[in-house]
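Undergrad: kindly generate the corresponding structure for this input.
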Amino acid sequence: MADRNKQILQSLGSGLIGACVLTVLHETARQFSDEAPRADILGMRAIRKVMKKADAEPPADDELHTWALGGDIVSNALYYSLVGLAKPKHALVAGTALGLAAGAGAVTLPGPLGLGTAPSSRSTATAAMTIGWYLIGGLATAGAYAFLKRR
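TA: Residues are numbered from 1 along each chain as shown. This is a model prediction of the structure:
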């Protein structure tokens, strides 16, 4: 049981590292480039949409932005923690696959979900950055997982 708990913590910790790397990339790049993906806007739109469906009043934009970043970190950490399903020697492949799948989803799903396409795919550069940054998050997750499993 202790080994299983350790494995879960290693997976979740690795996922959290990847999610934080991804969020830092998004938040830093948006300060410097108009072409940068805006995952924060997608998150804000998703929260607003859910709250309106529940007849609740969304918070002001500053607070909503904080909620969106928190939601991004939690959801991406849980997603990236799936790296723990792989054997440590396959962590790089698993992290790469998770990152590419998340990036492709971030480019293709917002439109059909009613969140708009501009935040993640308004240009070829934006779409490429979106996929690339999710890939970097997956690679950071894989590196953290491999490191933690060696300890």
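Undergrad: all the helices of this protein, residue numbers only.
TA: 2-32, 39-53, 61-80, 91-108, 118-121, 124-150 (DSSP state H).
Undergrad: in the fifth one, which residues are buried?
TA: Right, helix 118-121. 119-121 (16 or more other CB atoms under 10 Å). All C-beta spots, glycine's among them, are computed from the backbone N, C-alpha and C.
Undergrad: and if you look at the fourth one?
TA: Using 16+ other CB under 10 Å as the test for burial, helix 91-108 gives 91-92, 94-95, 97-99, 101-103, 106-107.
Undergrad: out of those residues, which is nearest to T141?
TA: T141 has its nearest neighbour among the buried residues of helix 91-108 in G95, at 5.0 Å by CB to CB.
Undergrad: which residues does the closest one contact?
TA: 18, 80, 83, 138-143, 145 (CB atoms under 8 Å, 6 or more residues apart in numbering).
Undergrad: which of those has the most neighbours?
TA: Tallying neighbours with other CB atoms under 10 Å puts T141 at the head of these, with 34 neighbours.
Undergrad: what's the separation between that one and G13?
TA: Counting by CB to CB, to the nearest Å, the gap from T141 to G13 is 10 Å.
Undergrad: now T28
TA: From T28 to G13 the distance is 22 Å (CB to CB).
Undergrad: now swap in A128 and tell me
TA: Separation of A128 from G13 (CB to CB) stands at 29 Å.
Undergrad: L92 too?
TA: Look at L92 and G13: by CB to CB, they are 17 Å apart.
Undergrad: geometric centre of this protein: which residue is closest?
TA: N76 (3.8 Å; CA atoms, centre = their mean).
Undergrad: what's the burial count for the closest residue to Y145 other than its chain neighbours?
TA: Leaving aside its sequence neighbours, Y145 sits nearest to S14 (CB to CB, 6 or more residues apart in numbering; 3.8 Å). Neighbour count of S14, defined by other CB under 10 Å: 28.
Undergrad: quick one on the thing from earlier: which of T28 and G13 has more neighbours?
TA: G13 (17 against 11).
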